[in-house]
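1. from the sequence below, what's the structure:
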Amino acid sequence: MEKKVVLKTKAIGKYFYDPLKFKVLDNISFEAYQGEFLTLVGKSGSGKSTLLYILSTMDTEYEGELFIDDALITGQKVNKLAAIRNKNIGFVFQFHYLLPEFSCLKNIMIPALKLGKYSHEEVEQQAYEKLDMLGIKDQALKPASKLSGGQQQRVSIARALINSPKIIMCDEPTGNLDSKNTKIVFDTFQQIAHEFGQTIIAVTHDIDFAKASDRTIELADGKIVG
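-> Here you go, the predicted structure:
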């Protein structure tokens, strides 16, 4: 069975201009498939986080083309990009960016309420299901600030999943976690990709994490080297 391409780049290039003109990404072309757990690795300064911001549609100043689900994303207007992001992309960062005074449940529900596709009750039920999947349903009504680092990161994963996006983009998702919580996050990503058919694209410094993923793309000096 042929694998479905959910994201594709054609000759992506990117310059930084401060203090001098410098090519940070050079001719980046690759495809990511449905249900794939893909990691991006490389030394600091290799361009992997810069690439992730372009893939996520948040950085629009680049050369080349980006496609999500066969649709050309490059050159789309800002409000169209925001709609594409909210529908198709979930985000997990090294720092969880939860609203500390809100409950875990409320934090998870925000992107879905913003999307406006389901009623408040349906969104709440979906949020509980995500918390249950991540093993923290009992923490639902606690303020996010009262959770451990590992629990907060799992809440941020639940939030990324709430709109059932095609792609989950992660920037160092285990960067602040101990080995036990790193394994929980890894196992969750594997389940999301292999059981639910969603695509994970994760930037990581953790070599073991990368090796255990389905495929790794290595960057050096802004180029794909492996």
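2. what residue is smack in the middle of this protein?
-> Among the residues of the chain, the one closest to the centroid is residue 169, at 1.4 Å (C-alpha atoms, centre = their mean).
3. so residue 94 touches residue 177, yeah?
-> No: at 9.2 Å, residue 94 does not count as touching residue 177 under the criterion of C-beta atoms under 8 Å. Bear in mind the C-beta positions are built from the backbone N, C-alpha and C, glycine included.
4. when these two are compared, which one has more neighbours?
-> residue 177 (22 against 19; other C-beta atoms under 10 Å).
5. tell me the secondary structure at the more buried one.
-> Of the three states, residue 177 takes coil under DSSP: H, G, I helix; E, B strand; the rest coil.
6. for it, what are its contacts?
-> Taking C-beta atoms under 8 Å, 6 or more residues apart in numbering as the contact definition, residue 177 lies against 149-150, 153, 185.
7. sorry, back to before: any idea how far the residue nearest to the centre of the chain lies from residue 58?
-> Separation of residue 169 from residue 58 (C-beta to C-beta, to the nearest Å) stands at 9 Å.
8. find the nearest non-adjacent residue to residue 192, please.
-> residue 198 (5.0 Å; C-beta to C-beta, 6 or more residues apart in numbering).
9. ignore the last one, residue 10
-> residue 65 (4.3 Å).
10. just to check, that neighbour is in contact with residue 11?
-> Yes: between residue 65 and residue 11 there is a contact under C-beta under 8 Å: 7.3 Å.
11. who has more neighbours out of these two?
-> residue 65 (15 against 12).
12. would the more buried one count as being in a strand?
-> Yes: assessed by three-state DSSP, residue 65 belongs to a strand.
13. out of the contacts of residue 177, list just those in strands.
-> Among those, no member falls in strands (DSSP state E).
14. in TSV: those, plus pLDDT and neighbour count.
-> Output for the contacts of residue 177, formatted as TSV (pLDDT from 0 to 100; neighbours: other C-beta atoms under 10 Å):
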residue	pLDDT	neighbour count
149	83	13
150	83	17
153	84	28
185	85	22
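15. contact partners for residue 9?
-> Contacts of residue 9 by C-beta under 8 Å, 6+ apart are 28-31, 54-55, 64-67.
16. what about stretch 96-107, start to end distance?
-> Using C-alpha to C-alpha, to the nearest Å, the end-to-end distance of stretch 96-107 comes to 11 Å.
17. ok, and for the strand or helix carrying residue 193, which residues are buried?
-> Taking DSSP states H and E as the definition, residue 193 sits inside helix 179-196. By neighbour count on 16 or more other C-beta atoms under 10 Å, the buried set for helix 179-196 is 181-182, 184-186, 188-189, 192-193.
18. out of these, which is nearest to residue 202?
-> Nearest to residue 202 among the buried residues of helix 179-196 is residue 189, at 7.0 Å by C-beta to C-beta.
19. wait, doesn't the closest one sit right on residue 168?
-> Yes: between residue 189 and residue 168 there is a contact at 7.5 Å, judged by C-beta under 8 Å.
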